[in-house]
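**Q** turn this into a model:
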Amino acid sequence: MSSWKKAAKVNQRTHRERHQPESRAHLGLLEKKKDYRQRAKDFHSKQARLKSLKKKALNRNPDEFYFHMVNSKVEDGVHNEIDKEDEHTPGQIKLMQTQDLKYVNVKRKIESNKIERMQSQLHLLDVANHTANKHIFFVDTKEEAKNFDVAARLDTHPLLIDRRTNRPRMSDLKTMVLPDVDAETVKNLAKERNIRYKELKKRIDREKELTVIQQKLEVKRHLQNKNEQAPVRIKPGTKDLPPVYKWKYERKK
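**A** I've put the predicted structure just below:
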């Protein structure tokens, strides 16, 4: 008989939950049984949690005390821990500041080495062309000064007079073989060169900033020396310069 029941279930139609009818599509997704079970499980877990909290509140001892009561507080409905300031001995503070000074010094040396390497590659040739200076030519007569030709005196093309670096002579221009370079390549090279110059400028500013930070840390470390007499401040510190102090001269034994 049991085998007949099993065989009868083989041809039964599989039960499927219906979808949301088109006329009720505006109501959203039709809840299935698995959705209901998940919602019910969440509801009952919250109810059990509230019941447990109520039980703890009823059984609470009014004279109970623990340190977390005074080490935490509620701000805007959020429970936060009260942060305590770290306690350090004067020796520990001095050691940490020494480590900070060493770190800043190392970073400054790294930036300085990168600046030297970039300057050796770029040579700052464009800066030389915009630097204001004088080039004096001496002639014998006023007539020669009146008819003086700078391009002929420098033996170069008139279009190259403004260049102060890499100014070829006319003899070199006649024998020089120029590569075929299109305008787009020249534009890309100029763009890449400008990017490298901007990077160099940023690194120079960074190196100056690290130098000021290092000087301020050194002054702060000297001010914490209690064995010496209090110095007199000559000039306050700025964002570009450290403060200036004057210590009383003491003759060392």
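**Q** what segments of the stretch 51-200 of the chain are strands?
**A** Secondary structure of the stretch 51-200 of the chain by DSSP state E, counting those that start in this stretch: the strands cover 72-75, 78-81.
**Q** turn the ones you listed into a markdown table, columns for mean pLDDT.
**A** Listed next are the strands of the stretch 51-200 of the chain as a markdown table, based on pLDDT from 0 to 100:
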| stretch | mean pLDDT |
| --- | --- |
| strand 72-75 | 84 |
| strand 78-81 | 82 |
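**Q** so which of those strands is nearest Ala25?
**A** Among the strands of the stretch 51-200 of the chain, strand 78-81 comes nearest to Ala25, with 40.2 Å by Cβ to Cβ. All C-beta spots, glycine's among them, are computed from the backbone N, C-alpha and C.
**Q** least trustworthy helix or strand in this structure by mean pLDDT?
**A** Lowest by mean pLDDT, DSSP states H and E among the helices and strands of the chain is helix 125-129, with a mean of 55.
**Q** TSV for the strands of the stretch 51-200 of the chain, including distance to Asp140 and mean neighbour count?
**A** Listed next are the strands of the stretch 51-200 of the chain as TSV, based on distance: least, Cβ to Cβ, whole Å; neighbours: other Cβ atoms under 10 Å:
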stretch	distance to Asp140	mean neighbour count
strand 72-75	90	9
strand 78-81	90	8
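**Q** got those as CSV, with distance to Gln214 columns?
**A** What follows is the strands of the stretch 51-200 of the chain, written out as CSV (distance: least, Cβ to Cβ, whole Å):
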stretch, distance to Gln214
strand 72-75, 39
strand 78-81, 36
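**Q** Pro242 is nearest to which of those?
**A** Nearest of the strands of the stretch 51-200 of the chain (Cβ to Cβ): strand 78-81, 37.6 Å.
**Q** put the alpha carbons of the closest one into CSV.
**A** This file holds the C-alpha atoms of strand 78-81, laid out as CSV (Å, rounded to 0.1, in the frame of the first residue of the first chain):
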residue,chain,number,x,y,z
VAL,A,78,24.9,56.9,20.2
HIS,A,79,26.9,55.2,22.9
ASN,A,80,30.5,56.3,22.8
GLU,A,81,33.6,55.6,24.9
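**Q** and that strand, how far out from the chain's middle?
**A** Averaging C-alpha positions (Cα atoms, centre = their mean, to the nearest Å) puts strand 78-81 31 Å from its chain's average.
**Q** geometric centre of this protein: which residue is closest?
**A** Among the residues of the chain, the one closest to the centroid is Arg206, at 11.8 Å (Cα atoms, centre = their mean).
**Q** so where does it fall, helix or strand?
**A** Using DSSP states H and E, Arg206 sits within helix 183-223.
**Q** average model confidence for that helix?
**A** Helix 183-223 carries an average pLDDT of 84.
**Q** so which bits of the next helix or strand along the chain from that helix are buried?
**A** Next helix or strand after helix 183-223 toward the C-terminus (DSSP H and E): strand 232-235. Going by neighbour count (16 or more other Cβ atoms under 10 Å), nothing in strand 232-235 comes out as buried.
**Q** repeat for stretch 108-121
**A** Arg108, Glu111, Lys114, Ile115, Met118.
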